[in-house]
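Asks: 3D, please:
(one chain, ligands or ions: 1)
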Amino acid sequence: MGNGELYFTKMHGLGNDFVVLDGISQSVNLSAAQIRQIADRHRGVGCDQLLLVEAYEGDDAEFRYRIFNADGSEVEQCGNGARCFARFVYDQGLTQNTTIPVMTASGRIVLQIQPDGQVKVNMGVPELTPAQIPFVSEQRQTLYTLDVKGAAVSLAAVSMGNPHAVLQVVALESAPVATLGALLEVHPAFPKRVNVGFMQVVGRDAIRLRVFERGCGETLACGTGACAAVVAGRLQGLLDDQVTVSLPGGDLQIQWQGEGQPVWMIGPAATVFRGTLIV
Ligand SMILES: N[C@H](CCC[C@H](N)C(=O)O)C(=O)O
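Replies: Below is the predicted model:
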């Protein structure tokens, strides 16, 4: 069913970019094919993910937001998108609160718009049990070895609501992000596919990271990927509890006190332009 015209806002978090749709004041009903077209950087607006903001009937959140990758797949969580969601609902006057709980496909998270305009997010407690990631393994390990086209690849597996594989590399520029990232994204050990992070440890409070994202390829930044990388690094004894994660698009501040504790993320959210979609 056609939607006719839809108002949208173009936003990004450190260059990870989004088309944001207000599904409250307008009726949005998009197929996966239509989302793919909107995300297309030549035939559409162009974005890594599309975010759909909806009212939430429960009393523990005012909003729900749904996340769709550029390939049209709906996913459970998005860190940079969460910050842009908070900025969007506040700037649009949909809420006057600067502390904003929101329901996502992987549960409730709480967003805080800081006085400096950055957004602080409680991203929830990471999931490390293989079945919950989901990841095919007999038991939980800090590092797993996967066979990828005959090569043994060592990686950590973490869920932030969405699945992440994290590999440690010594030189980020020459990391095989496009090739190994694409192979791991669809590796059978990850039944729902996986986001693939390549982490270079700079110090106990600093890493550099590139992420080949499930459903859209390498992005300039990945919020849940930054969280997953810090969790993986800390569990390997490489990182302390406050880490600056430097991604190609900029830096995120990530804090994690250890198992059973939530991961906190602080970073920016930018509004670039508004427009009208013809769908
Ligand atoms: N590609 C991710 C969703 C977007 C996550 C990323 N953009 C972030 O900031 O966390 C997935 O398929 O799970």
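Asks: check the gap between residue 177 and the ligand for me.
Replies: Residue 177 is 14 Å from the ligand, where distance means CB to the nearest ligand atom, to the nearest Å. The way it works is simple: take the backbone N, C-alpha and C, and place the C-beta from them, glycine included.
Asks: look up the closest residue to the spatially most central residue of the chain, ignoring the ones flanking it.
Replies: Nearest residue to the geometric centre of the chain (CA atoms, centre = their mean): residue 78, 3.1 Å. Nearest residue to residue 78, sequence neighbours excluded (CB to CB, 6 or more residues apart in numbering): residue 67, at 4.5 Å.
Asks: also residue 52?
Replies: That would be residue 66: by CB to CB, 6+ apart, it lies 4.3 Å from residue 52.
Asks: ok, back up a step: ok, now which ones touch the residue nearest to the centre of the chain?
Replies: Each residue near residue 78 by CB atoms under 8 Å, 6 or more residues apart in numbering is listed here: 49, 51, 67, 162, 223, 224.
Asks: quick revisit: contacts for the helix or strand where the residue nearest to residue 78 lies, please.
Replies: Assessed by DSSP states H and E, residue 67 sits inside strand 63-69. The contact list for strand 63-69 (CB under 8 Å, 6+ apart) reads 32, 35, 39, 48-56, 74-78, 81-82, 85, 89, 94-95, 100, 102-105, 213-216.
Asks: just give me the neighbour total for the residue nearest to residue 78.
Replies: 24 (other CB atoms under 10 Å).
Asks: what about it, distance to residue 57?
Replies: 20 Å (CB to CB, to the nearest Å).
Asks: how about residue 37?
Replies: 31 Å.
Asks: higher neighbour count, those two?
Replies: A count of neighbours by other CB under 10 Å puts residue 37 above the other of residue 37 and residue 57, at 16 against 9.
Asks: hmm, that one is touching residue 43, no?
Replies: Yes. Here residue 37 reaches residue 43: they are 5.7 Å apart, a contact under CB atoms under 8 Å.
Asks: how far away from the center of its chain is the helix or strand hosting residue 33?
Replies: Secondary structure assignment for residue 33, by DSSP H and E: helix 32-39. How far helix 32-39 lies from its chain's middle: 19 Å, per CA atoms, centre = their mean, to the nearest Å.
Asks: now do that helix: which elements does it pack against?
Replies: strand 49-55, strand 63-69 (3 or more CB pairs under 8 Å, 6 or more residues apart in numbering; DSSP states H and E).
Asks: got these as TSV, with distance to residue 253 and mean pLDDT columns?
Replies: Listed next are the helices and strands packed on helix 32-39 as TSV, based on distance: least, CB to CB, whole Å; pLDDT from 0 to 100:
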stretch	distance to residue 253	mean pLDDT
strand 49-55	22	98
strand 63-69	22	97
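Asks: please identify the most buried of those.
Replies: strand 63-69 (a mean of 23; mean count of other CB atoms under 10 Å).
Asks: list the strands paired with that strand, with their directions.
Replies: Paired neighbours of strand 63-69 in the sheet (DSSP bridges): strand 49-55 (antiparallel), strand 74-75 (antiparallel), strand 99-104 (parallel).
Asks: so for the ligand, which of these sits nearest?
Replies: strand 74-75 (4.1 Å; CB to the nearest ligand atom).
Asks: would whatever helix or strand comes next after that closest one count as contacting the ligand?
Replies: The helix or strand immediately downstream of strand 74-75 is helix 79-91, counting by DSSP H and E. Yes. Applying CB under 6 Å from any ligand atom, one finds helix 79-91 touching the ligand at 79, 80, 81.
Asks: so which of the residues you listed wins on neighbours?
Replies: residue 80 (35 neighbours).
Asks: which member of the residues of helix 79-91 next to the ligand is positioned nearest residue 253?
Replies: residue 79 (12.0 Å; CB to CB).
Asks: for the residue lying closest to that closest one once chain neighbours are set aside, what are its contacts?
Replies: Once flanking residues are discounted, residue 79 sits nearest to residue 223: 1.7 Å by CB to CB, 6+ apart. Counting by CB under 8 Å, 6+ apart, residue 223 touches 13, 16, 78-83, 121, 123, 252, 265, 267.
Asks: residues of the stretch 151-279 of the chain that sit close to the ligand?
Replies: 162, 195, 213, 214, 215, 216, 222, 223, 224, 225.
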